[in-house]
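Engineer: Quick one: sequence and predicted model below, then my questions.
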Amino acid sequence: MEQIEGRIARALTIAGSDSGGGAGIQADLKTFQELGVYGMSALTALTAQNTFGVQGVYPVAEEAVTAQIHSVGSDIGVDALKTGMLFSAEIITAVAEAIAFFGWTKVVVDPVMIAKGGASLLQAEAIRAMTEKLLPLTAVLTPNIPEAERLAGIPIRTSADKREAARRLAAFGAKHVIIKGGHEEGKEAIDLLFDGSSFSELSGKRVETARTHGTGCTYSAALTAGLAAGLSVEASARQAKAFIQAAIEDGITIGGGHGPTNHWAYRRSLVAHS
Ligand SMILES: Nc1ncnc2c1ncn2[C@@H]1O[C@H](COP(=O)(O)OP(=O)(O)O)[C@@H](O)[C@H]1O
Ligand SMILES: Cc1ncc(COP(=O)(O)O)c(N)n1
């Protein structure tokens, strides 16, 4: 187990459930475990979901979201947390209030909006609550390209657009912004990291595969695990990139549609090289 200040590192995910196990809370907890961090969860919504898509979305009452976060925060404690599917402005507000109540600072926000199959996981009117209430509390924001376009309010076609979007997202209060390159084309999948003053790129070989369900969830969970264990944002981002690269490359065949990644792959590759 990873240790921080002499005890086990603890990470919380505040996100939706993917019954198919490849994205959402399930991907997050698997990733925390693989990286040696104690995982906890606060559910925001249930989805009936498989590798073909989302068959149903059932949000959790916001007071139940608050209660879950207070239960773990008041007893177990949280070294770092991530948010995933938050669904509504009411849930976003409840989450922002709980983060402020506990004074948590290692906060990763994956602004999940639309599942890869096209289902909406965030109501349109919730975007404003996200930029106004959650981004000011965010240490690392991890949008994909469509999410960055929506939050920043500009289309992203060039690398200059990508940098401008990152600047705009930082202006909402996010201390670091990582715009992920999974939705772009090219031989490399390049993530752009902005720390409020300078840019750096994290690159990996693009894998031609349809099995990318849950990549964003898995990536942000790996980032959160790194922060929980005391790594810097940059070191956590590098570890998360290596984790997702291994998980995509070493694909597993699950279900008849767009399958999940292999959450075992990164740890197995470390063992193989040790
Ligand atoms: N086909 C791929 N090959 C290699 N890396 C990928 C691929 N697709 C996504 N990634 C990486 O996976 C992570 C998640 O990215 P992305 O798929 O854009 O997020 P989301 O799931 O939120 O849409 C990023 O680090 C990205 O660079
Ligand atoms: C409950 C839940 N949360 C998030 C996603 C996004 O998944 P993806 O990483 O495939 O875009 C999802 N499909 N379901």
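Structural biologist: Sure, I can see it. Numbers count the residues shown, from 1 in each chain. Ligands and ions are numbered 1, 2, ... in the order given.

Engineer: Flag every residue of the stretch 151-274 of the chain that's near ligand 1.
Structural biologist: 180-183, 189, 191, 204, 206-207, 209, 212, 215-216, 219, 241, 244, 248 (CB under 6 Å from any ligand atom). C-beta here means a position set from N, CA and C on the backbone, and glycine is covered the same way.

Engineer: among those, which are in strands?
Structural biologist: Secondary structure defined by DSSP state E assigns Ala189, Asp191, Gly204 of those to strands.

Engineer: What is the burial count for the nearest residue to the second one once chain neighbours are set aside?
Structural biologist: Distance criterion CB to CB, 6 or more residues apart in numbering; nearest residue to Asp191, sequence neighbours excluded, is Leu202 at 4.6 Å. Summarising burial for Leu202: neighbours were counted as other CB atoms under 10 Å, giving 19.

Engineer: And for Ala100?
Structural biologist: Using other CB under 10 Å as the criterion, Ala100 is surrounded by 12 other residues.

Engineer: so which strand or helix has it?
Structural biologist: Taking DSSP states H and E as the criterion, Ala100 maps to helix 89-102.

Engineer: Filter the ones in strands among the residues of the stretch 151-274 of the chain next to ligand 1 down to the buried ones.
Structural biologist: When neighbours are counted using 16 or more other CB atoms under 10 Å, those contain these buried positions: Ala189, Asp191, Gly204.

Engineer: What does the pLDDT read for the last one?
Structural biologist: Same thing as Gly204. Per-residue confidence (pLDDT) for Gly204: 97.

Engineer: so what's the residue nearest the centre of the chain up against?
Structural biologist: Residue closest to the mean C-alpha point of the chain, counted by CA atoms, centre = their mean, is Ser220 at 3.1 Å. By CB atoms under 8 Å, 6 or more residues apart in numbering, Ser220 lies in contact with Asp28, Lys82, Gly84, Val108, Asp110, Thr142, Ala240.

Engineer: and with 7 Å instead?
Structural biologist: Applying CB atoms under 7 Å, 6 or more residues apart in numbering, one finds that Ser220 lies in contact with Lys82, Val108, Asp110, Thr142.

Engineer: Just give me the neighbour total for the nearest residue to it once chain neighbours are set aside.
Structural biologist: Using CB to CB, 6+ apart and skipping the chain neighbours, the partner closest in space to Ser220 is Asp110 (3.9 Å). Residues near Asp110, counting by other CB under 10 Å, number 28.

Engineer: Touching, Asp110 and Leu86? I think so.
Structural biologist: No. Counting by CB atoms under 7 Å, Asp110 sits too far from Leu86 to count as a contact (9.6 Å).

Engineer: For ligand 1, what's the nearest residue on the stretch 1-150 of the chain?
Structural biologist: When CB to the nearest ligand atom is the measure, the stretch 1-150 of the chain has its nearest residue to ligand 1 at Asn144, with 3.5 Å between them.

Engineer: same question, the stretch 51-200 of the chain
Structural biologist: Gly182 (2.4 Å).

Engineer: give me phi/psi at that residue?
Structural biologist: Reported as degrees, to the nearest 10, the phi and psi values for Gly182 are phi -60, psi -30.

Engineer: Am I right that it is in contact with Ala189?
Structural biologist: Yes. Between Gly182 and Ala189 a contact is recorded at 5.7 Å, counting by CB under 7 Å.

Engineer: Next up, the contacts around the residue of the stretch 1-150 of the chain closest to ligand 1.
Structural biologist: Under the criterion of CB under 7 Å, 6+ apart, the contact partners of Asn144 comprise Lys180, Gly182, His183, Gly216.
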